[in-house]
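Sequence first, predicted model second:
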Amino acid sequence: MITQSINLNLIPGQVLPRVNVSQYDSGTRTLHMAIYNGNQAFSVPSGVTGVVQGTKPDRMGFQYAATVTAGSNIAEVDITQQMTAVSGEVPCELVLSQGDDRIATVNFIIFVEPAALADDTIISETELPLIEEAAELAEQIQGIIAQIDADADRAEGYAVGTKDGQPVPSTDPTYNNNAKYYADEAAASAASVGTLAEDAEAWAVGERGGVPVTSGDPTYHNNSEYYAGTAGDSATAASSSELNAASSEENAEAWAVGERGGTPVSSGDTTYQNNAKYYAGEASTSATNAGTSESNASGSASAAAQSEEDAEAWAVGERNGTPVPSTDPTYQNNAKYYAQSIGVPAISTLTDVTLTSLADGDFLQYNSTSTKWENVSGDNAKADKTDVAPVEDSSTASQGYSIGDQFYYNNILYTATAAISQNGTITPGTNCDPSDDLTDQIEAKDDKPVELVQTLAAGSTQVTFTNAAITANCNVQIMTNQAGLNWTAIDDSTLGTLIITFPAQSSPVSVKLIIRG
């Protein structure tokens with residue numbers, strides 16, 4: 001594997017690096033790209049992916065994933081066949097993304113040197129290969145001629161059953177598959193027509209050649225004459241069926257009204273409890289039962305009213321608006337009673353709380369020495385450590401820090417002694433030194449800083465701040481959104497007022513005053 005290295009700079013306007021490759025190269029070269037931000041190596045953040053994409057001289061594009069390593073400035077991509085398919089300059093770019101956001105793009109050029117022999121070039125051939133090819137064709141022609149002779153013999157065999165005037169043997173595939181064989185078969189079939197005619201006569205009238213067929217003949221009971229005789233027998237059977245119909249009529253009467261020939265059926269008869277009259281009686285009984293059910297339904301309505309009163313007693317301790325007596329099972333077991341019994345205890349009754357000299361603005365603060373929650377005056381509230389500097393919960397920096405920036409780590413305020421990138425490692429004694437203990441820093445900061453903002457109007461040279469925080473002992477910091485704009489004089493002769501003098505500006509300038517007690 002061949003590796004080619006180039007340096008890429010994220011700052012636009014640089015001379016684009018060039019990578020020379022040969023046309024049709026693929027799978028043998030790796031492009032090693034070192035990424036810089038000006039003169040500094042660029043550190044790839046965590047979770048960043050890379051893509052190399054470009055457009056070939058034929059206006060067709062390509063896009064391939066690049067390998068990037070978090071914390072380094074290196075990206076690599078393999079040179080593919082699509083990158084080198086067309087000769088000439090191929091503008092390319094390395095795109096670094098984090099999720100759906102592009103965080104950096106840097107350009108370079110792949111120059112594809114044209115190949116000496118294109119993929120679609122026709123290769124010239126010499127006369128010698130053509131002569132050899134002609135000899136091979138001659139051999140193939142001889143084989144074809146021999147095949148034609150064999151096919152001619154086979155054709156004769158299929159036509160008349162002979163080869164070269166000799167009958168084919170029984171092992172030859174044309175033995176039973178030639179014209180002569182099938183002609184003989186046709187003659188035999190003609191001879192059998194007479195026999196088939198006799199068989200047809202036997203199936204029609206039970207005779208063969210004018211002689212009745214014997215009982216052993218398959219047509220003996222399967223011809224027209226036989227079935228004609230059977231039809232007479234069927235007429236006799238029809239008379240018997242008429243008698244059976246009369247019997248069926250009596251059965252129908254039994255199933256309908258429980259009688260047979262006008263006489264009630266006995267208990268042993270299958271229609272005894274399975275006839276229409278029996279079920280009509282059952283229906284009458286069911287109607288009587290329905291009246292009884294209606295009466296029962298009325299009783300159920302009364303029970304429902306009683307249940308409603310019981311529900312009221314369980315819910316609010318009353319029945320029909322009257323409080324239930326002490327003997328009622330719902331007396332102290334209803335929702336209203338329990339609602340009145342439930343109370344919230346005073347905070348002073350809790351065993352882990354100690355309250356002394358309560359005053360407006362007090363808040364609870366836990367004391368690990370006494371293991372109690374104690375009331376503390378609002379004036380004694382400590383400043384939040386985030387008012388002083390960012391807080392880092394682990395050794396991986398949540399943001400970048402320049403030299404001199406401060407941050408909290410393990411409850412200690414640190415000052416950066418070297419640049420720390422986002423997601424870089426915080427190493428006390430190497431890239432930062434402790435400043436103050438967190439507790440000392442917060443106790444020294446009793447009040448949050450006061451921030452005031454004024455606008456220095458165009459052409460004006462002074463801004464005036466008025467605030468009670470401006471005292472004889474206060475510390476102030478002046479900031480502007482204009483680089484290099486320095487104040488030249490401050491008038492602090494009047495407490496509560498601060499006048500700052502600036503050079504006159506052609507456009508408005510924002511001025512921020514930060515006051516610390």
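Sure, I can see it.

now the strands for the stretch 201-350 of the chain?
Along the stretch 201-350 of the chain, counting by DSSP state E, counting those that start in this stretch, strands occupy 207-208, 211-212, 259-260, 263-264, 318-319, 322-323.

With mean neighbour count as extra columns, can I get these in JSON lines?
The way it works is simple: take the backbone N, C-alpha and C, and place the C-beta from them, glycine included. Listed next are the strands of the stretch 201-350 of the chain as JSON lines, based on neighbours: other Cβ atoms under 10 Å:
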{"stretch": "strand 207-208", "mean neighbour count": "18"}
{"stretch": "strand 211-212", "mean neighbour count": "11"}
{"stretch": "strand 259-260", "mean neighbour count": "17"}
{"stretch": "strand 263-264", "mean neighbour count": "12"}
{"stretch": "strand 318-319", "mean neighbour count": "16"}
{"stretch": "strand 322-323", "mean neighbour count": "12"}
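
Dump these to TSV, plus mean pLDDT.
Output for the strands of the stretch 201-350 of the chain, formatted as TSV (pLDDT from 0 to 100):
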stretch	mean pLDDT
strand 207-208	83
strand 211-212	88
strand 259-260	82
strand 263-264	86
strand 318-319	84
strand 322-323	86
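
Tell me which of those strands sits nearest to Glu132.
Nearest of these to Glu132, taken as Cβ to Cβ: strand 207-208 at 78.9 Å.

residues in contact with that closest one?
Here strand 207-208 makes contact (Cβ atoms under 8 Å, 6 or more residues apart in numbering) with Glu198, Asp199, Glu201, Ala202, Val213, Asp217.

and the second one, how many neighbours does it have?
It stands for Asp199. Residues lying near Asp199 (other Cβ atoms under 10 Å) number 13.

same check, this time on the fourth one
A count of neighbours around Ala202, defined by other Cβ under 10 Å, yields 20.

show me where pLDDT drops low in the stretch 251-400 of the chain?
Counting by pLDDT under 70, the ranges of the stretch 251-400 of the chain that qualify are 252, 255-256, 276, 279-305, 307, 335-345, 377-387.

Same check on the stretch 1-150 of the chain?
For the stretch 1-150 of the chain, the stretches flagged by pLDDT under 70 are 122-131, 148.

and the contacts of strand 207-208 as JSON lines, adding pLDDT?
Converted to JSON lines, the contacts of strand 207-208 look like this (pLDDT from 0 to 100):
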{"residue": "Glu198", "pLDDT": "77"}
{"residue": "Asp199", "pLDDT": "75"}
{"residue": "Glu201", "pLDDT": "75"}
{"residue": "Ala202", "pLDDT": "76"}
{"residue": "Val213", "pLDDT": "83"}
{"residue": "Asp217", "pLDDT": "86"}
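
Just send those back as TSV, with distance to Pro449 too.
Compiled in TSV, the contacts of strand 207-208 are given as follows (distance: Cβ to Cβ, whole Å):
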residue	distance to Pro449
Glu198	131
Asp199	126
Glu201	131
Ala202	129
Val213	131
Asp217	129
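
re earlier: between the strands of the stretch 201-350 of the chain, which one is closest to Ser506.
Closest approach to Ser506 among those (Cβ to Cβ): strand 318-319, 84.9 Å.

how close does the residue nearest to Asp405 when sequence neighbours are not counted get to Ser402?
With Cβ to Cβ, 6 or more residues apart in numbering as the criterion, Asp405 has its nearest non-adjacent residue at 4.8 Å, and that residue is Ala416. As judged by Cβ to Cβ, to the nearest Å, Ala416 and Ser402 stand 7 Å apart.

Who has more neighbours out of these two?
Neighbours were counted for Ala416 and for Ser402 using other Cβ under 10 Å; Ala416 has more, 19 against 9.

Go ahead and confirm the more buried one touches Ala397.
No - between Ala416 and Ala397 there is no contact under Cβ atoms under 8 Å: 9.4 Å.

Now do the shared contacts for these two.
The contact sets of Ala416 and Ala397 overlap at Phe407 (Cβ under 8 Å, 6+ apart).

quick one: contacts for Asn9?
Contact analysis of Asn9 by Cβ under 8 Å, 6+ apart lists Ile35, Tyr36, Asn37, Gly38, Val106.

buried stuff in stretch 51-70?
Residues of stretch 51-70 classed as buried by neighbour count (16 or more other Cβ atoms under 10 Å): Val51, Val52, Gly54, Lys56, Phe62, Ala66, Val68.

From one end of it to the other, what's the distance?
15 Å (Cα to Cα, to the nearest Å).

ok so, going back, of the contacts of Asn9 - the most surrounded one?
Within these, Val106 tops the neighbour count with 24 neighbours, counted by other Cβ under 10 Å.

so that one makes contact with Leu10?
Yes - using Cβ under 8 Å, Val106 is in contact with Leu10, at 5.5 Å.

For those two, list the residues in contact with both.
The contact lists of Val106 and Leu10 share Ile35, where a contact means Cβ under 8 Å, 6+ apart.

from memory Thr354 sits against Thr369, does it?
No - with contact defined as Cβ under 8 Å, Thr354 does not reach Thr369; the gap is 11.8 Å.

These two: which is more packed in?
Using other Cβ under 10 Å, the more surrounded residue of Thr354 and Thr369 is Thr354, with 14 against 5.

ok, the more buried one - contacts?
Neighbouring residues of Thr354 by Cβ under 8 Å, 6+ apart: Ser370, Lys372, Trp373, Glu374, Asn375.

I'd like to know how far it sits from Phe363.
14 Å.

Spit out the contact partners of the residue nearest the centre of the chain.
The chain has Gly99 as the residue nearest its centroid, 17.6 Å off, counting by Cα atoms, centre = their mean. Counting by Cβ under 8 Å, 6+ apart, Gly99 makes contact with Gly47.

For Gly38, which non-adjacent residue is spatially closest?
Ile11 (5.5 Å).

tell me the phi and psi of that neighbour?
With angles defined as degrees, to the nearest 10, Ile11 sits at phi -80, psi 120.

Ok, the one 10 residues further on next?
Geometry field for Val21 lists phi and psi as phi -130, psi 160, criterion degrees, to the nearest 10.

Helix, strand, or coil at Glu139?
State at Glu139, reduced to three classes by DSSP: H, G, I helix; E, B strand; the rest coil: helix.
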